[in-house]
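**Student:** Structure for this input, please:
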Amino acid sequence: MAPTIHFQLILFLIISLSFLPLKLCSTLDRQLDYKNWISWNVENHRKEVKTISQLAAGGSDKSLDVRLRKAEMNKVRISVSQDRTGDFKTIREALDSTPLYNNRRVILMIKPGVYREKIMIPRTLPFVTFLGDSSDPPTITGNDTASVTGRDGLPLKTFQSATVAVEANYFVAVNIKFENTAPHEIGSIGGQAVALRISGTKAAFYNCSFYGSQDTLYDHKGLHYFNNCFIQGSVDFIFGSGRSLYENCYLNSIAKKVASLTAQKRTNSSLSSGFSFKDSKVTGSGLIYLGRAWGDYSRVVFSYTFMDTIVLPQGWSDWGDPKRDSRVYYGEYKCSGAGSNITGRVTWARVLTDEEAMPFLGTYYIDGDTWLLSS
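**Tutor:** From the prediction side, this is the model:
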């Protein structure tokens with residue numbers, strides 16, 4: 001009996017040890033991926049600070065990108081008013097008057113009113129600005145959903161449901177309300193209803209409002225900046241693959257059931273996309289996650305943000321795919337409010353150190369020193 005028992009014990013040890021390296025390697029890989037991500041962000045931030053400091057010492061500022069600088073030197077202003085006191089009655093007409101491959105900043109001064117238009121700004125129309133009245137911002141509204149039939153007889157899908165879609169680079173909006181009035185019905189299919197889709201890079205939004213329910217703001221791709229904006233929705237109301245900084249923004253949930261504020265889609269480890277929220281406020285109704293992983297490598301950071309009681313203790317969701325737990329990057333830094341209590345957070349959420357948070361706290365996160373205008 002002794003030899004048999006001895007043989008069985010050795011066999012058990014061999015089988016057990018054969019699995020240990022795999023688990024150990026998996027753990028080490030996760031740790032290495034995390035450390036590499038931290039190192040990349042911190043080092044990138046240090047390089048930005050060093051470059052800016054050197055330029056400042058030399059008595060100059062880091063230059064705007066060449067195309068943008070030239071466009072800003074040759075501005076054109078066009079007025080839009082529904083009472084026919086402007087150059088055009090509709091936004092669409094004003095855009096149609098702009099030459100393709102425009103290389104001048106075209107400012108559409110949009111007077112107060114409700115503009116029931118579906119707008120698409122193609123890549124061939126860069127340097128467009130929508131400028132509204134701060135005391136009475138104009139509203140651009142629509143109610144298309146993903147299931148609505150388009151001109152080709154097929155459903156629009158989420159991408160084409162947007163009231164306003166911007167595919168051009170260097171877009172700016174100031175004092176504008178973007179709206180999609182389609183309601184979200186629990187359990188319905190094809191209810192995605194985008195108020196704004198931004199697919200162009202180097203786009204900025206100041207004092208703008210985004211009203212919708214499911215999928216309000218499609219932060220599709222590119223470098224984007226949102227300052228002092230109001231964003232309202234229920235399910236995944238900020239989503240996409242953009243690399244975007246949200247500062248001083250009011251994020252208002254109208255969820256009727258448990259939902260998610262963000263659905264950031266980062267599909268592989270080489271993409272630099274991710275959402276950073278700073279000095280913002282999360283409030284409203286209905287319990288929400290701060291984010292759920294649309295992509296396997298989804299990345300979202302909240303810093304100095306007030307979180308109301310609507311934020312679930314877990315904070316984050318892997319969208320039912322546990323393998324994402326080791327790949328996503330969800331961070332929080334010096335947030336406040338009852339919803340910021342980290343006691344019940346998922347184990348794969350990050351409480352960032354000063355060094356880890358720093359790369360996400362300024363406009364350098366979106367290379368803003370080369371394209372964000374100071375005025």
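**Student:** Glu185 contacts Gly191, doesn't it?
**Tutor:** Yes - counting by Cβ atoms under 8 Å, Glu185 touches Gly191, with 5.9 Å between them. Glycine gets a C-beta too; all of them are placed from N, C-alpha and C.
**Student:** These two: who's more crowded?
**Tutor:** Neighbour count, other Cβ atoms under 10 Å: between Glu185 and Gly191, Gly191 has more, with 21 against 12.
**Student:** how would you label the more buried one: helix, strand or coil?
**Tutor:** When classified by DSSP: H, G, I helix; E, B strand; the rest coil, Gly191 comes out as coil.
**Student:** Low-confidence ranges, the stretch 151-300 of the chain, go.
**Tutor:** Applying pLDDT under 70 to the stretch 151-300 of the chain picks out residues 187.
**Student:** Now stretch 243-262 - C-alpha only, PDB.
**Tutor:** Extracted in PDB, the C-alpha atoms of stretch 243-262 (Å, rounded to 0.1, in the frame of the first residue of the first chain):
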ATOM      1  CA  ARG A 243      -9.700  60.300 -25.400                       C
ATOM      2  CA  SER A 244     -11.600  63.100 -23.600                       C
ATOM      3  CA  LEU A 245     -11.300  65.400 -20.700                       C
ATOM      4  CA  TYR A 246     -14.500  66.600 -18.900                       C
ATOM      5  CA  GLU A 247     -13.900  69.500 -16.500                       C
ATOM      6  CA  ASN A 248     -16.500  71.100 -14.300                       C
ATOM      7  CA  CYS A 249     -19.300  69.100 -15.900                       C
ATOM      8  CA  TYR A 250     -22.700  68.200 -14.400                       C
ATOM      9  CA  LEU A 251     -23.600  64.500 -15.000                       C
ATOM     10  CA  ASN A 252     -27.300  64.000 -14.400                       C
ATOM     11  CA  SER A 253     -28.800  60.500 -14.400                       C
ATOM     12  CA  ILE A 254     -32.500  59.900 -15.100                       C
ATOM     13  CA  ALA A 255     -32.200  56.100 -15.000                       C
ATOM     14  CA  LYS A 256     -35.400  54.200 -14.200                       C
ATOM     15  CA  LYS A 257     -33.500  51.100 -13.200                       C
ATOM     16  CA  VAL A 258     -29.800  50.300 -12.500                       C
ATOM     17  CA  ALA A 259     -27.800  51.800 -15.300                       C
ATOM     18  CA  SER A 260     -24.300  53.100 -16.200                       C
ATOM     19  CA  LEU A 261     -23.000  56.600 -16.600                       C
ATOM     20  CA  THR A 262     -20.200  55.700 -19.000                       C
END
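**Student:** how distant is that stretch from the center of its chain?
**Tutor:** Put simply, stretch 243-262 sits 10 Å off its chain's centre (Cα atoms, centre = their mean, to the nearest Å).
**Student:** Stretch 329-341 too?
**Tutor:** Computed by Cα atoms, centre = their mean, the chain-centroid distance of stretch 329-341 equals 18 Å.
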